[in-house]
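> structure of the sequence below:
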Amino acid sequence: MNTETKQPAEQHAPDSQGGPVRVTLNLPAEVVRLLKELAEKEGRTMTEIIRRGIETEDFIHQLRMKDAKIIVKEDWEESILVFK
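This is a model prediction of the structure:
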């Protein structure tokens, strides 16, 4: 029994077929406000915004493991983002 969710752990195991798995998140109200705002601005669901955020975090992690740099170019100015 998973004590945090009060449900059997098997219900949260990844679907071997790659289908959706329901996940419960506890987020601060300000983060939820930002999530809703971003979803509305982009015309996406909150689930899509969260999924893309996780994929972006994984992408950044993979770059960090290779000691790569992310360069942001805005107009004629470039900035190098460093993630630690």
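
> switch to C-alpha atoms for all contacts and neighbour counts from now on
OK.

> tell me, how many residues neighbour the closest residue to residue 84 other than its chain neighbours?
By the measure of C-alpha to C-alpha, 6 or more residues apart in numbering, the closest residue to residue 84 outside its immediate chain neighbours is residue 64, 7.8 Å from it. Using other C-alpha atoms under 10 Å, residue 64 is surrounded by 15 other residues.

> can you tell me the element residue 64 falls in?
helix 46-65 (DSSP states H and E).

> helix or strand next in line after that helix, which one?
strand 70-74.

> that next one pairs with which strands?
strand 77-81 (antiparallel) (DSSP bridges).

> hmm, back to that, pretty sure the residue nearest to residue 84 sits against residue 70.
No: using C-alpha atoms under 8 Å as the test, residue 64 is too far from residue 70 to be in contact (9.4 Å).

> what's the angle between the helix holding residue 64 and strand 70-74?
120 degrees (axes from the mean of the first three to the mean of the last three C-alpha atoms, to 10 degrees).

> which stretches of this protein have low pLDDT?
1-16 (pLDDT under 70).

> now do the buried residues in the helix holding residue 64.
46, 49, 60 (16 or more other C-alpha atoms under 10 Å).

> residues contacting the second one?
To tie it back to what came earlier, the one meant is residue 49. 35, 38-39 (C-alpha atoms under 8 Å, 6 or more residues apart in numbering).
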